[in-house]
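K.L.:
Give me the fold of what follows.
(2 chains)
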2 protein chains.
Amino acid sequence: MSEKFLPLAAMEKLLKQGGAERVSDKAKMALKNAIEEIANGIAVKSIKLAVHAGRKTIKSEDIKLAVKE
Amino acid sequence: MSEKFLPLAAMEKLLKQGGAERVSDKAKMALKNAIEEIANGIAVKSIKLAVHAGRKTIKSEDIKLAVKE
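P.N.:
Okay, the predicted model is just below:
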């Protein structure tokens, strides 16, 4: 798991923008953890795809393919 | 789609932590867009689940079920 990169305040903002009236602290943490885990999975896959294509630079096509997998 | 909440620098950090040597600007943007879309989908589902449970407060169980769906 990568280092954490999402602030809890951003999680509350996201849920309030979606129409939530109130958000529990545990819900913010659960959303943060879920998104970080998904993001890390996409990152790891995209790096494997770049290596597979013989590149050291991650390109947008690596990300797009990693998301689809 | 919700307002954007992820800085591009965080996307580069995430990919570098995963072992990427270099990351194109378009790749950062693609990762940001993908994560934001996924996060927004989880937020929208979790709000529906809270409403379904007769609550105005989003709880962690709403998030966890939304992620599984």
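K.L.:
Need phi/psi at the closest residue to residue A:57 other than its chain neighbours.
P.N.:
Excluding its sequence neighbours, the residue lying closest to residue A:57 (C-beta to C-beta, 6 or more residues apart in numbering or on different chains) is residue B:22, at 4.1 Å. Placement of C-beta: from N, CA and C, glycine included. Here is the backbone geometry of residue B:22 (degrees, to the nearest 10): phi -140, psi 150.
K.L.:
Over to residue A:57?
P.N.:
phi -100, psi 130.
K.L.:
Now for it: which residues touch it?
P.N.:
Listed by C-beta atoms under 8 Å, 6 or more residues apart in numbering or on different chains, the contact set of residue A:57 reads A:50, B:20-24, B:27.
K.L.:
Once you drop chain neighbours, what's closest to residue A:26?
P.N.:
Closest to residue A:26 by C-beta to C-beta, 6+ apart is residue B:60, at 3.9 Å.
K.L.:
and that neighbour, how many neighbours does it have?
P.N.:
When neighbours are defined as other C-beta atoms under 10 Å in any protein chain shown, residue B:60 has 19 of them.
K.L.:
Any figure for the gap between residue A:38 and residue A:30?
P.N.:
Residue A:38 is 13 Å from residue A:30, where distance means C-beta to C-beta, to the nearest Å.
K.L.:
give me the element the residue most central in space within chain A is part of.
P.N.:
Compute the mean C-alpha point of chain A, and by C-alpha atoms, centre = their mean the closest residue is residue A:39, 2.5 Å away. Using DSSP states H and E, residue A:39 maps to helix A:25-52.
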